[in-house]
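> got a structure for you, letters missing:
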């Protein structure tokens, strides 16, 4: 929070200032872009999620957390093929290229895409009778749309090799405001980090990747208070573990924490010192590590959803 000491700014509001500056990044030095990008990441991952943040009021006024597909970029140029297995990123890429809010100009401008009145162009599928989920491609922010019923059918079939294809339904344009743009960036940042952890854990199967991402989105949309006074990476690690556990994939929290240390934004307190109740006192006894958070908080909120992915209703997920 030191970046905001002495400033009468809410982190959620300040990210919009950063957006306006970065839109014209061609006139900025590399160091300034790097600093602003780092600051934006901090806002997206934790600072905007503090209990006293005005983000909570914005979500309440909106009625819910915007769905992934509702704030995603256009799917018009995404081919009608299954999502390819995520390949390990080129080792020549810098940490900034792989993890940051995108520095590449074309990608960044697409993330910031908005209409003249400041509203973000999105996709509206509310008239469809089938609930759909968006799944990000492995490149840079394009999303494909898949039926939730297809995902659940796939999840309930062991060794299912049938590919899930892109829906070709026409998409009616819709618009959302600053909150939609905020969550567009949150989803993008979460996908970049989640994808890297899965790569390092050698999780490359499309089916499992879809389950992990679906679990993350449901956690964020339907149980957004899991993020209050917490960190985005904590939610990511818990969704990876839960889906590996329910699908009997041998991945432990120790494995996840081991590969998490390779991410450039890594800080040990993210998985060692997590809020377990409504307390905000740093040295409170109501804090614990990622395993305690998963067992005491995450599973309590997400158990019903997680068990949908298991043919055994009595399967243990802790």
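Arrived safely. Small disclaimer: the values here were computed from a predicted structure and weren't measured.
> mind listing what residue 290 touches?
For residue 290, the residues meeting the contact criterion (CB atoms under 8 Å, 6 or more residues apart in numbering) are 234, 237-238, 253, 257, 271-272, 274. The C-beta positions use only the backbone N, C-alpha and C, and glycine is treated the same way.
> and the closest residue to it other than its chain neighbours, its phi and psi?
Nearest non-adjacent residue to residue 290, counting by CB to CB, 6 or more residues apart in numbering: residue 271, 4.0 Å away. Dihedral angles phi and psi of residue 271 (degrees, to the nearest 10) take the values phi -110, psi 0.
> burial count for residue 271?
Neighbours of residue 271 under the rule other CB atoms under 10 Å: 21.
> my guess is it meets residue 234, correct?
Yes - using CB atoms under 8 Å, residue 271 is in contact with residue 234, at 7.0 Å.
> tell me the contacts of residue 50?
11, 228-229.
> packing partners for the host helix or strand of residue 33?
When elements are assigned from DSSP states H and E, residue 33 belongs to helix 30-45. For helix 30-45, the contact count by 3 or more CB pairs under 8 Å, 6 or more residues apart in numbering; DSSP states H and E identifies helix 11-22, helix 95-99, helix 178-200, helix 232-246 as packing neighbours.
> put together TSV for these, with mean pLDDT on each row.
As requested, the helices and strands packed on helix 30-45 are arranged in TSV below (pLDDT from 0 to 100):
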stretch	mean pLDDT
helix 11-22	84
helix 95-99	48
helix 178-200	95
helix 232-246	98
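> re earlier: state the distance from the residue nearest to residue 290 to residue 204.
Residue 271 sits at a distance of 24 Å from residue 204 (criterion: CB to CB, to the nearest Å).
> average pLDDT across the helix holding residue 33?
The average pLDDT for helix 30-45 rounds to 91.
> contact partners of the following helix or strand past that helix?
Per DSSP H and E, the first helix or strand lying C-terminal to helix 30-45 is helix 55-62. Judged by CB under 8 Å, 6+ apart, the contacts made with helix 55-62 from elsewhere in the structure are 10, 12, 48-49, 65, 178-179, 182, 224, 228.
> same question for stretch 241-249.
In this structure, residues lying in contact with stretch 241-249 by CB under 8 Å, 6+ apart are 203, 208, 211-212, 215, 250-253, 256, 294, 298-299, 302, 306-307, 309-310, 315, 317.
> hmm, which of those residues are the buried ones?
Buried residues within the contacts of stretch 241-249, defined by neighbour count using 16 or more other CB atoms under 10 Å: 203, 208, 211-212, 215, 251, 253, 256, 294, 298-299, 302, 306, 309-310, 317.
> and the gap between residue 244 and residue 256?
In this structure, residue 244 and residue 256 are 9 Å apart, going by CB to CB.
> which one of the contacts of helix 55-62 is nearest to residue 31?
Checking the contacts of helix 55-62 against residue 31 by CB to CB gives residue 48 as the nearest, at 24.0 Å.
> and that closest one, what pLDDT?
Residue 48 carries a pLDDT score of 97 in this model.
> what is the neighbour count of it?
Taking other CB under 10 Å as the neighbour definition, residue 48 ends up with a count of 23.
> shouldn't it be in contact with residue 11?
Yes - contact between residue 48 and residue 11 holds when scored by CB under 8 Å: they sit 4.7 Å apart.
> re the thing from before, now, which of the buried ones among the contacts of stretch 241-249 lie within helices?
Taking DSSP state H as the definition of helices, the buried ones among the contacts of stretch 241-249 contribute 208, 211-212, 215, 253, 256, 299, 302, 306.
> and stretch 268-278, what's buried?
By neighbour count with 16+ other CB under 10 Å, stretch 268-278 contains the buried residues 270-271, 273-276.
> isn't residue 19 right next to residue 181, touching?
Yes - shown here, residue 19 and residue 181 form a contact pair, counting by CB under 8 Å, at 7.3 Å.
> if you count surrounding residues, which of those two has more?
Residue environment comparison for residue 19 versus residue 181 gives the larger neighbour count to residue 181, 23 against 20, counting by other CB under 10 Å.
> ok, that one to residue 68 distance?
When CB to CB is applied, the distance between residue 181 and residue 68 equals 14 Å.
> check residue 182 too.
To residue 68, residue 182 is 13 Å away according to CB to CB.
> kindly report the same for residue 198.
In this structure, residue 198 and residue 68 are 17 Å apart, going by CB to CB.
> what does residue 13 give?
Going from residue 13 to residue 68 by CB to CB gives 23 Å.
> my guess is residue 185 meets residue 40, correct?
Yes - Residue 185 is in contact with residue 40 according to CB under 8 Å; the separation is 7.5 Å.
> if we can go back for a sec, and residue 198 and residue 68? which has more neighbours close in?
More neighbours sit around residue 68 than around the other of residue 198 and residue 68, counting by other CB under 10 Å; the figures are 26 against 23.
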